[in-house]
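Enquirer: Okay, here's the prediction I keep looking at, along with the sequence it came from:
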Amino acid sequence: METIQFIHSGWVYIVLIVLVLATLNALYKLFADKEFDAKDFRISLFALITMHIQLLIGIVLWFTKGYFDELSVGEIMKNDAIRKLAVEHPTTMIIAVALVTIGYSKHKKKLVSKPKFKILSIFYTIALALVLYMIPWNLWF
């Protein structure tokens, strides 16, 4: 379990770097009226891939932690720290991954650059905000 926790905590740096890069790239190119090219496609795809890998690692970690083995749902919901790790963090991160996935899927259906960047900007920015909000910073530092 410690190995999985280590991987999950380390991989998040890659996720953050790539997600920030993809979001800033989409925002910059949206407002600068740039053309969508293969590099933009790869950056947004890499953000999608890293987020999905992190999700899979997180799911494995969640099941190995066994929050619900020792505590009842009521006990978990009454404890702020455990509730954040066992319920709020996973739920918010699943929503963030879903937003990146939806944004990535929707942008592929657009034929012109500006709508592609607009969709990526909206969905990736919201996902990034959720990720930054729900990272358990107190456990990192």
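Expert: That came through, no problem.
Enquirer: Pass me the low-pLDDT residue ranges in this structure, would you?
Expert: 140-141 (pLDDT under 70).
Enquirer: just checking, what packs against the helix of greatest length in it?
Expert: Assignment by DSSP state H gives helix 2-31 as the longest helix of the chain. Taking 3 or more C-beta pairs under 8 Å, 6 or more residues apart in numbering; DSSP states H and E as contact, the helices and strands that helix 2-31 lies on are helix 38-65, helix 113-134. Every C-beta, even on glycine, is put in place using the N, C-alpha and C of the backbone.
Enquirer: Can you list the buried residues in the last one?
Expert: Buried residues in helix 113-134, counting neighbours by 16 or more other C-beta atoms under 10 Å, are found at 113, 116-128, 130-131, 134.
Enquirer: what do you get for the longest one?
Expert: Within helix 38-65, the residues that qualify as buried are 40, 43-44, 47-48, 50-51, 54-55, 57-58, 61-62, 65, counting by 16+ other C-beta under 10 Å.
Enquirer: one step back: export the helices and strands packed on helix 2-31 to TSV and tack on distance to residue 31?
Expert: Output for the helices and strands packed on helix 2-31, formatted as TSV (distance: least, C-beta to C-beta, whole Å):
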stretch	distance to residue 31
helix 38-65	14
helix 113-134	9
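Enquirer: out of these, nearest to residue 76?
Expert: Among the helices and strands packed on helix 2-31, the nearest to residue 76 by C-beta to C-beta is helix 38-65 (11.3 Å).
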